[in-house]
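Asker: give me coordinates for this.
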Amino acid sequence: MKLLSNVIEELTEFNWRWDFSYRDIPAGIANNTAQVFPLGGVNNQGATGWNGINNTQPQMKDGDFIVQAALHLITPFANTADTAFNSDTMSFGDQGSATRFFNAVEGNLNGTFVNDSFFTPNNAFKYVTANLPQYLQFTLNSMAGKSISNLNQGKLYIQFQLFRAAAKEKVLDLTKPPYV
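Answerer: Predicted coordinates:
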């Protein structure tokens with residue numbers, strides 16, 4: 001599991017990418033239990049934002065916007081020894097709302113998995129002092145009677161565009177659609 005700043009070619013649409021694999025799921029999670037994963041690998045360092053070096057939780061700042069986000073399922077999740085394990089859903093949000101950007105997207109090979117999900121700019125969410133502190137988080141939910149610790153396949157990434165108002169070199173007009 002890692003959070004990285006995107007390369008120059010990708011910056012027109014998304015400026016952060018978080019990779020996740022079944023290998024990032026801890027052992028011993030009880031049946032019917034969701035697991036929350038803070039998007040680590042970043043921290044707040046001054047006005048320019050996250051440095052992408054350590055694994056602290058990314059705290060949002062007053063005036064930050066998540067302008068858009070995309071969840072891409074590279075390999076659907078599965079327990080290859082148990083075809084009855086047919087649902088594990090994924091959500092992306094923050095401490096205030098675990099489903100702010102994506103809600104219960106199906107990611108299981110034996111279910112009706114969704115390869116791509118999008119959170120669009122017309123739903124941009126602005127963090128303000130009243131709803132801080134917050135960190136971004138990914139939640140993986142298991143189906144009844146199963147443990148996500150038993151998944152032995154699956155990989156995804158989440159890309160998102162964070163606009164930090166304090167970064168004066170980035171001027172963004174939220175009334176216009178993004179470049180695609």
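
Asker: give me the low-pLDDT residue ranges for this structure?
Answerer: Scanning the chain with the threshold set as pLDDT under 70 gives 1-2, 4-12, 40-58, 165-180.

Asker: would you map the strands across it?
Answerer: Along the chain, counting by DSSP state E, strands occupy 2-5, 16-21, 35-38, 65-78, 88-94, 102-106, 116-119, 125-126, 136-142, 153-163.

Asker: hmm, who's touching stretch 129-138?
Answerer: By Cβ atoms under 8 Å, 6 or more residues apart in numbering, the surrounding residues in contact with stretch 129-138 are 18, 20, 36-39, 57-62, 66, 90-96, 98, 127, 158, 160. Glycine gets a C-beta too; all of them are placed from N, C-alpha and C.

Asker: go again using 7 Å as the cut-off
Answerer: Defining contact as Cβ atoms under 7 Å, 6 or more residues apart in numbering, one finds that stretch 129-138 is touched by 20, 36-39, 57-60, 62, 90, 92-96, 98, 127, 158.

Asker: excluding residues flanking it in the chain, which one is nearest residue 150?
Answerer: Excluding the flanking residues, the one nearest residue 150 by Cβ to Cβ, 6 or more residues apart in numbering is residue 79, at 4.7 Å.

Asker: mind checking which of the contacts of stretch 129-138 are buried?
Answerer: Among these, those classed as buried by 16 or more other Cβ atoms under 10 Å are 20, 37-39, 57-60, 90, 92-95, 98, 127, 158.

Asker: for the residues you listed, which one is nearest residue 152?
Answerer: Taking Cβ to Cβ as the measure, residue 152 sits nearest to residue 20 out of the buried ones among the contacts of stretch 129-138, at 14.7 Å.

Asker: residue 163 and residue 67 touch, don't they?
Answerer: Yes - here residue 163 lies in contact with residue 67, judged by Cβ atoms under 7 Å, at a distance of 5.3 Å.

Asker: more neighbours: these two, which one.
Answerer: residue 67 (22 against 18; other Cβ atoms under 10 Å).

Asker: how near is that one to residue 20?
Answerer: Distance from residue 67 to residue 20, counting by Cβ to Cβ, to the nearest Å: 21 Å.

Asker: same check, this time on residue 148
Answerer: With distances taken as Cβ to Cβ, residue 148 is found 12 Å from residue 20.

Asker: cheers, nothing more for now.
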